[in-house]
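> Predicted model and sequence follow; I will ask about them next.
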Amino acid sequence: MKKIFIMAVVFLFSLSAFAQTADYVTEMLNTERADYAQVSYLSAVCQGLVDENATYDTAFSLLKKKGQLPSGADETAEVSLGNLSYVMSKLWTIHGGLMFRLTNGSARYAFRQLKVDGIIPPDADPSRKISGTDVLNMYIACQNRYGSEE
Amino acid sequence: MKKFTTALFASASLFLLPLSAFDFGGKIGSTTKYQGNTFDSLKLYESSTNHLWVSSLLNEDTLLRFNADGSYEFRYDETDASHKNILDLNLFKISGTLSAGRYTKLRFAAGRFFVSDVTGIVFSQISDGFYTKFEIPSLSFNVYAGTTSLLNAHDVTIITPETTSYNPDFNTVYAACPSYAPVGISMNFPSLFLNQTLTAEGWGFVDFSADKYTRWYGTAALSGPLAGNMFYSLMTTAGTENFNTISDLSKITVTLYPVPAASISINGVYASGKNGFLSTFKGFTSQTAYLALSEPEYSGIIKAGMSGSYTIASNVCLLCEGVCVFSCPDDVVAYDGLQWNFNAVWNIFHDLQFSAGAYQYYAQNSADNKTCFIVTGTFVF
């Protein structure tokens, strides 16, 4: 728990070093229901696909083009926990279960994998809509779990 | 009939429509055994099981959730050249939690789900009923009431008297269990003193059949850490049949975790026979007490054993066990036999598991010897 807290502080400070990302973090902390645009920006910046001054539009289009968003994802649509798992799973190399590998990390099995790895609580529901804080917490938990394996 | 079917689908749809948050999955499992009295007489036993489950969060505030699990199983036993096709509903439950403040909770569940008493020996099976648990940090209070008459006797075996009126047709895919009403209350005091947990529990199984084989049990259990990485649990149960007899079941377990990947456990169980003022102990759910060919119940036995487990590379688990069994059906305690058991479980992936094992029971009476080799595989999707 202490480790996660330290990681969170380091993460927020490192992001806040840039004005644009500091605004992003503030926005996410105030977001009750995160949308695909916000999640795409986080993913694209963390992968180095765009710089922090890029727009949500650019980040969303790029991720969509690379197939890193679930099919049918709309920029303004709210993200579910299951689909956020899919987006997050593309950020790291995850040595997942058999079905995760066979389905090339589909949203369904990305969600299952993150449950097994302790990122998501065992009783979590894949269709639950998530807040901006949830997105940041999940990113930190994934970074903590998978970042050290790379 | 058509109207009835339409109405049934309509009502099911009305129930399922709000299930916007819906998840599902399944499990395919296979168990293959070669078992028998001697090496020369090993016979094949095969069980193939398919499970499908659904889960839905109906209300986030009260964590109101619907869960169901259905299964189809094929069993083949070469011993009597019999095969069975078994359909069962293992779980059909609505559960939720009402919170008053941060630490006070009222949990509830209704439907079909797994229930066990604190010993895991008296009552350990699926059951249809209602469960509620009131919880504050220093205390939890549980109540359960249900019925067994709708359960499938292929999967749940309830101990009935020797001369029973219960006579199901085991050739059908679904054979109803005998009709009992299990009722139980339990009080649990976690961290009562020095992190010790005290549990007091009472269970009754009211028989509605002509057998009139009603049983009552009261259990006191204490568990917690002893020192460092050593933990214990100690429990004793007094049982009675129709308040005419008194019997005892006592159990002790001490477990040591020398390193995080290993555990060593010593355990002892006493289930009374006709010992002094005590009568023969009988549980409610049928369970095999040790690995003899006759598959004996927890009744008139003393069992002392040692077991260990070790996990290699986080995905291979080795388990071994040695047990010495004494029988005490009356005031004479006699050596009954010795058993060993070894099992290796390999989690190839978290959703694909393979295990292989073997066990033997060397009985004082060689007719009760048993040798078994087991291979299992499980795939979850």
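On my side now, so go ahead.

> from here on, contacts and neighbour counts on C-alpha atoms
Noted.

> so where's chain A uncertain?
For chain A, the stretches flagged by pLDDT under 70 are A:1-19, A:149-150.

> Tell me where the stretch 151-300 of chain B has helices.
For the stretch 151-300 of chain B, applying DSSP state H, counting those that start in this stretch gives no helices.

> element containing the most centrally placed residue in chain A?
Central residue of chain A (CA atoms, centre = their mean): residue A:88, 3.8 Å from the mean position. Counting by DSSP states H and E, the element that carries residue A:88 is helix A:81-89.

> Give the buried residues for that helix.
A:81, A:82, A:83, A:84, A:85, A:86, A:87, A:88, A:89 (16 or more other CA atoms under 10 Å in any protein chain shown).

> can you check stretch B:128-145 too?
For stretch B:128-145, a neighbour-count test (16+ other CA under 10 Å) marks B:128-135, B:139-145 as buried.

> just how off-centre is that stretch within its chain?
19 Å (CA atoms, centre = their mean, to the nearest Å).

> next one: stretch B:212-229
Using CA atoms, centre = their mean, the offset of stretch B:212-229 from its chain centre is 15 Å.

> quick one: least confident helix or strand in chain B?
Within chain B, no helix or strand scores below helix B:2-16, which has a mean of 46 by mean pLDDT, DSSP states H and E.

> need the next SSE after that one, C-terminal direction.
Per DSSP H and E, the first helix or strand lying C-terminal to helix B:2-16 is strand B:22-36.

> now what about that next one, what contacts it?
With contact meaning CA atoms under 8 Å, 6 or more residues apart in numbering or on different chains, strand B:22-36 is reached by A:125-127, B:41-57, B:293, B:370-381.

> If we use 6 Å, what do you get?
Strand B:22-36 is contacted from outside by B:42-56, B:370-381, using CA atoms under 6 Å, 6 or more residues apart in numbering or on different chains.

> That one pairs with which strands, parallel or anti?
Partners of strand B:22-36 in the sheet, by DSSP bridges, are strand B:43-59 (antiparallel), strand B:370-380 (antiparallel).

> buried set for it?
So, applying 16+ other CA under 10 Å, buried residues of strand B:22-36: B:22, B:23, B:27, B:28, B:29, B:30, B:31, B:32, B:33, B:34, B:35, B:36.

> I'd like these as a markdown table, with pLDDT appended.
Formatted as a markdown table, these follow (pLDDT from 0 to 100):
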| residue | pLDDT |
| --- | --- |
| B:22 | 82 |
| B:23 | 89 |
| B:27 | 98 |
| B:28 | 98 |
| B:29 | 98 |
| B:30 | 98 |
| B:31 | 98 |
| B:32 | 98 |
| B:33 | 98 |
| B:34 | 97 |
| B:35 | 97 |
| B:36 | 96 |
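
> Between which two of the residues you listed is the distance greatest?
Maximum pairwise distance in the buried residues of strand B:22-36, criterion CA to CA, is 45.3 Å, between B:22 and B:36.

> who's in contact with the residue of the stretch 1-150 of chain B at minimum distance from chain A?
Residue nearest to chain A within the stretch 1-150 of chain B: residue B:21 (5.3 Å; CA to the nearest CA). The contact partners of residue B:21, by CA under 6 Å, 6+ apart, come to A:127, B:56, B:57.

> Which of those sits closest to residue B:345?
Using CA to CA, residue B:56 comes nearest to residue B:345 of the contacts of residue B:21, at 31.3 Å.

> For residue B:110, the count of nearby residues, please.
19 (other CA atoms under 10 Å in any protein chain shown).

> Chain A versus the closest residue to residue B:220 other than its chain neighbours, what's the distance?
Distances taken as CA to CA, 6 or more residues apart in numbering or on different chains place residue B:200 nearest to residue B:220, at 4.7 Å, with adjacent residues excluded. Remark: distance between residue B:200 and chain A (CA to the nearest CA, to the nearest Å) = 29 Å.

> Show me the beta-bridge partners of residue B:200.
residue B:187, residue B:220.

> show me the contacts for it.
B:186, B:187, B:219, B:220.

> In this structure the second one contacts residue B:141, no?
Just to be clear, that refers to residue B:187. Yes. Counting by CA atoms under 6 Å, residue B:187 touches residue B:141, with 4.7 Å between them.

> Residues of the stretch 201-350 of chain B that sit close to chain A?
Within the stretch 201-350 of chain B, the positions near chain A by CA under 6 Å from any CA of the partner chain are B:349, B:350.

> Check the residue of the stretch 201-350 of chain B found nearest chain A and give its pLDDT.
Chain A sits closest to residue B:349 of the stretch 201-350 of chain B, with a gap of 4.9 Å, by CA to the nearest CA. Residue B:349 is assigned 95 on the pLDDT scale.

> just checking, it touches residue A:95?
No. Residue B:349 is beyond contact range of residue A:95, at 9.4 Å (criterion: CA under 6 Å).

> Thanks again, I'm all set now.
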